[in-house]
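[1] predicted structure and sequence below. I'll ask about it afterward.
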Amino acid sequence: MTTKRVSLTYSVKIDKIESEVERLLNEALDNLEDTYANYGHITSGKGMLSYETISEIDLLRQELADIDLSLSGIHNIITAYLGYQAQALNEKPALPTDNVKQQLFELKNRLDNMSDENAD
């Protein structure tokens, strides 16, 4: 049983990221609990070494892979958010030093010109 996947991209307001991550994590954990409920019986009873057991283990692995993919997405969201926060803390407003230098140079020239005119 192969499940086709589609990648979705959507935006969330920065102040809603935590609740969105919580929602996604709860969904992944609910899926994990459901998976355990559906496959917990594999270990009980006789006939462990059978084609039925192989089939059920394969289905279990596929469901766990889906859950792992969800957890990977959550991990990526948190990593990106923390990177964004770290970058925001490290960024300082850039001072327009080139512009200030140019303005000071022009002001100095004007003052020099005014001094020269007054000296004449």
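    That came through fine. Numbering: from 1, shown residues only.
[2] which residues touch M114?
    With contact set as CB atoms under 8 Å, 6 or more residues apart in numbering, M114 has no partners. The C-beta positions use only the backbone N, C-alpha and C, and glycine is treated the same way.
[3] buried set for whichever helix or strand it is part of?
    Per DSSP states H and E: M114 is located in helix 97-119. For helix 97-119, burial by neighbour count (16 or more other CB atoms under 10 Å) applies to no residue.
[4] going forward, begin numbering at 49 instead of 1
    Sure thing, new numbering starts at 49, so read that last one as helix 145-167.
[5] so how far is the lengthiest helix in the chain from its chain's centroid?
    For the chain, the helix with the greatest residue count under DSSP state H is helix 99-138. In terms of CA atoms, centre = their mean, to the nearest Å, the centre of helix 99-138 is set 12 Å apart from its chain centre.
[6] in the chain, which residue is closest to the centre?
    I125 (2.1 Å; CA atoms, centre = their mean).
[7] per-residue pLDDT, that one?
    pLDDT recorded at I125 is 95.
[8] check N147 too.
    At N147 the predicted local confidence, pLDDT, stands at 75.
[9] L107 contacts I90, doesn't it?
    No. Using CB atoms under 8 Å, L107 is not in contact with I90; the gap is 10.0 Å.
[10] circling back to that earlier point, quick one: residues contacting the residue nearest to the centre of the chain.
    Going by CB under 8 Å, 6+ apart, I125 touches 65, 68-69, 72.
[11] gap between it and S55?
    Computed as CB to CB, to the nearest Å, the I125 to S55 distance reads 14 Å.
[12] what does A76 give?
    Where S55 is concerned, A76 sits at a distance of 17 Å (CB to CB).
[13] picking up where we left off before, out of the contacts of I125, flag the one nearest to D116.
    Nearest to D116 among the contacts of I125: L72, at 13.3 Å, using CB to CB.
[14] returning to that earlier point: buried set for the longest helix of the chain?
    For helix 99-138, by 16+ other CB under 10 Å, it's 108, 111, 115, 118-119, 122, 125.
[15] go on, stretch 75-89?
    Counting neighbours by 16+ other CB under 10 Å, one finds that the buried residues in stretch 75-89 are 76, 79-80, 83, 87.
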